[in-house]
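**Q** next comes the sequence, and after it the predicted model I'd like to discuss.
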Amino acid sequence: MIEITSSRNPLIKEIKSLYRKKERWNSKTFIIEGIKIIEEAIENNYPLKNIIVSDQLLDNAEGQQIFKRIKDDENLVKVSESIFKEISDTENPQGILGVARFGLRDIDEIENYDNPFLLLLDQVQDPGNMGTIIRTGDAFNIDGIIITEGCVDPYNPKVVRSTMGSIFRVPLYKVSNGINALHSIKERGIRGYSTSLEGSIPIYNVDFKEGFVLIIGNESKGVDKRLSTGADTLIKIPMPGKAESLNAAVASSIIMYEAMKQRINIS
């Protein structure tokens with residue numbers, strides 16, 4: 001275990017820089033913080049570049065337990081309480097933080113899926129929505145999430161925290177052009193469904209048993225017209241109440257659940 005006593009240490013400076021999107025993408029690394037999410041990373045054999053701890057980690061039984069698991073890790077670094085507070089992004093730090101490597105996949109891998117269940121996110125900008133979508137996708141066992149330009153960074157610390165560890169299990173695909181990605185997916189025989197309030201059919205009348213990609217749009221503007229036009233079918237969630245719309249996370253969760261119900265009877 002290495003011990004760092006100065007906040008001017010290059011590693012400490014590097015960790016601080018990862019709160020900026022540009023630096024995360026340049027280094028292809030991001031921050032995970034807290035006992036639970038570090039445990040999730042270890043359980044899923046997710047690649048960690050460093051694990052940073054302070055004495056505070058040993059203040060409770062849960063922290064002592066995880067320390068036993070990591071104490072011989074060659075990438076373990078110990079810092080003082082004051083330095084840890086400098087690199088922490090939480091109100092109540094638990095004394096453990098990791099630097100994880102990106103888990104992005106190449107979109108060409110989609111052709112390896114048999115009967116895929118995919119999401120394509122169009123300018124989803126709220127970190128909480130993004131994190132909830134990833135977590136729900138994990139719960140319903142989807143095959144991947146395609147994140148287009150204009151979406152919040154999936155490796156933003158707020159997004160990562162709200163995934164509750166699901167970011168280590170759900171394949172993520174980052175693309176610069178959602179329209180090109182949709183065309184590429186459809187060329188593989190995968191149907192495209194876009195959420196829409198107009199000219200659409202209720203989700204319970206949609207056949208989700210065959211391979212498909214579900215397009216979820218921006219929280220306020222919905223799906224870009226060019227994407228919805230490129231979809232095979234426009235779909236909607238029936239809402240007999242007075243609310244005009246649902247946020248991106250809630251809408252995608254309801255549709256994912258409906259799709260899972262249909263598909264679970266296949267096997």
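**A** That came through fine. Numbers count the residues shown, from 1 in each chain.

**Q** return the alpha-carbon coordinates of the lengthiest helix in the chain using PDB.
**A** Identified as the longest helix of the chain according to DSSP state H is helix 248-263. The C-alpha trace of helix 248-263 is given here as PDB (Å, rounded to 0.1, in the frame of the first residue of the first chain):
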ATOM      1  CA  ALA A 248     -37.400  10.000 -19.500                       C
ATOM      2  CA  ALA A 249     -36.400   7.600 -16.700                       C
ATOM      3  CA  VAL A 250     -40.000   6.800 -15.700                       C
ATOM      4  CA  ALA A 251     -41.100   6.400 -19.400                       C
ATOM      5  CA  SER A 252     -38.300   4.100 -20.300                       C
ATOM      6  CA  SER A 253     -38.800   2.100 -17.100                       C
ATOM      7  CA  ILE A 254     -42.400   1.400 -17.900                       C
ATOM      8  CA  ILE A 255     -41.700   0.400 -21.500                       C
ATOM      9  CA  MET A 256     -38.700  -1.800 -20.400                       C
ATOM     10  CA  TYR A 257     -41.000  -3.600 -18.000                       C
ATOM     11  CA  GLU A 258     -43.600  -4.200 -20.700                       C
ATOM     12  CA  ALA A 259     -40.900  -5.500 -23.000                       C
ATOM     13  CA  MET A 260     -39.500  -7.800 -20.300                       C
ATOM     14  CA  LYS A 261     -42.900  -9.200 -19.500                       C
ATOM     15  CA  GLN A 262     -43.400 -10.200 -23.200                       C
ATOM     16  CA  ARG A 263     -39.900 -11.500 -23.700                       C
END
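
**Q** and the host helix or strand of residue 120, C-alpha only, in CSV?
**A** Using DSSP states H and E, residue 120 falls within strand 117-121. Output in CSV follows, covering the C-alpha atoms of strand 117-121 (Å, rounded to 0.1, in the frame of the first residue of the first chain):
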residue,chain,number,x,y,z
PHE,A,117,-33.2,-5.6,-26.3
LEU,A,118,-31.5,-2.1,-26.7
LEU,A,119,-32.1,1.5,-25.7
LEU,A,120,-31.0,4.6,-27.7
LEU,A,121,-30.9,7.8,-25.6
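
**Q** going on from that strand, what's the next piece of helix or strand?
**A** Sequence-wise, the next helix or strand downstream of strand 117-121 (DSSP H and E) is helix 127-139.

**Q** quick one: strands adjacent to whichever helix or strand comes after that following helix?
**A** Note on helix 127-139: by DSSP H and E, the next helix or strand toward the C-terminus is strand 144-147. Each strand paired with strand 144-147, and its direction, by DSSP bridges: strand 117-121 (parallel), strand 172-174 (parallel).

**Q** so which of the ones you listed comes closest to residue 241?
**A** strand 117-121 (25.1 Å; C-beta to C-beta). The way it works is simple: take the backbone N, C-alpha and C, and place the C-beta from them, glycine included.
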